[in-house]
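Undergrad: Got a sequence here, can you build the structure:
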Amino acid sequence: MTDYSDIRLSGAQTAAPIWTEFMKKAVALPQLFRRQGFRPARGVVDVRLDKITNRLATPSCPDTYTTAFVAGTEPHDTCDQGGVVQGFFSRIFGGDSQKALPPRIAEPADCRRCPR
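TA: Numbers count the residues shown, from 1 in each chain. Take a look at the predicted model:
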């Protein structure tokens, strides 16, 4: 039985060592842990995006990340970072110089306890 008193320990001090030992043993048992690459669910695609524009990355985009989208909802425009020349023309002819925000993650429909 518990008295709900605070033990004044963090998860890193209590749960992490237990989880680490469990996972070390689980990985050693091939019948319990199949070592296969992760495959996304059907209808989900991984897309490499530029961190500044959040558009499809090209070789001219130096800083990128990979994220998942429901197929058909991924961006189709490529990043337009062309370096010095592109920056020069953007200053002359204008252009969107604001940093794009990452895509929002939708909240579950029934989320009574979610922070607002």
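Undergrad: Need the pLDDT of the closest residue in space to residue 44 that isn't next to it in sequence.
TA: For residue 44, ignoring the flanking residues on the chain, the nearest one in space by C-beta to C-beta, 6 or more residues apart in numbering is residue 68 at 5.3 Å. No exception for glycine: its C-beta is placed from N, CA and C like everyone else's. pLDDT, residue 68: 92.
Undergrad: roughly how far apart are residue 68 and residue 55?
TA: Using C-beta to C-beta, to the nearest Å, we find residue 68 at a distance of 16 Å from residue 55.
Undergrad: picking up where we left off before, for the residue nearest to residue 44, name its beta-bridge partners.
TA: Note on residue 68: beta-bridge partners by DSSP bridges are residue 46.
Undergrad: In the protein, spot the helix with the most residues.
TA: If you go by DSSP state H, the chain has its longest helix at helix 11-28.
Undergrad: As a check, name the ranges of all helices in this protein.
TA: 11-28, 84-93.
Undergrad: what's the least confident stretch among those?
TA: Looking at the helices of the chain, the bottom one is helix 84-93 with a mean of 52.
Undergrad: higher neighbour count, residue 68 and residue 55?
TA: residue 55 (18 against 12; other C-beta atoms under 10 Å).
Undergrad: shouldn't the more buried one be in contact with residue 49?
TA: Yes: between residue 55 and residue 49 a contact is recorded at 6.5 Å, counting by C-beta atoms under 8 Å.
Undergrad: so what sits against both of the two?
TA: The contact sets of residue 55 and residue 49 overlap at 75, 79 (C-beta atoms under 8 Å, 6 or more residues apart in numbering).
Undergrad: could you dump stretch 64-77 to PDB, C-alpha only?
TA: C-alpha atoms of stretch 64-77 as PDB (Å, rounded to 0.1, in the frame of the first residue of the first chain):
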ATOM      1  CA  THR A  64      17.600  19.900 -43.000                       C
ATOM      2  CA  TYR A  65      15.400  17.500 -40.900                       C
ATOM      3  CA  THR A  66      13.200  14.500 -41.700                       C
ATOM      4  CA  THR A  67       9.500  14.400 -40.600                       C
ATOM      5  CA  ALA A  68       6.500  12.300 -41.300                       C
ATOM      6  CA  PHE A  69       3.300  13.400 -43.200                       C
ATOM      7  CA  VAL A  70       0.100  11.700 -44.100                       C
ATOM      8  CA  ALA A  71       0.600  11.000 -47.800                       C
ATOM      9  CA  GLY A  72      -0.800  13.900 -49.800                       C
ATOM     10  CA  THR A  73      -0.400  16.500 -47.100                       C
ATOM     11  CA  GLU A  74       3.400  16.900 -47.400                       C
ATOM     12  CA  PRO A  75       4.700  20.200 -48.900                       C
ATOM     13  CA  HIS A  76       5.500  20.300 -52.600                       C
ATOM     14  CA  ASP A  77       7.500  23.500 -52.900                       C
END
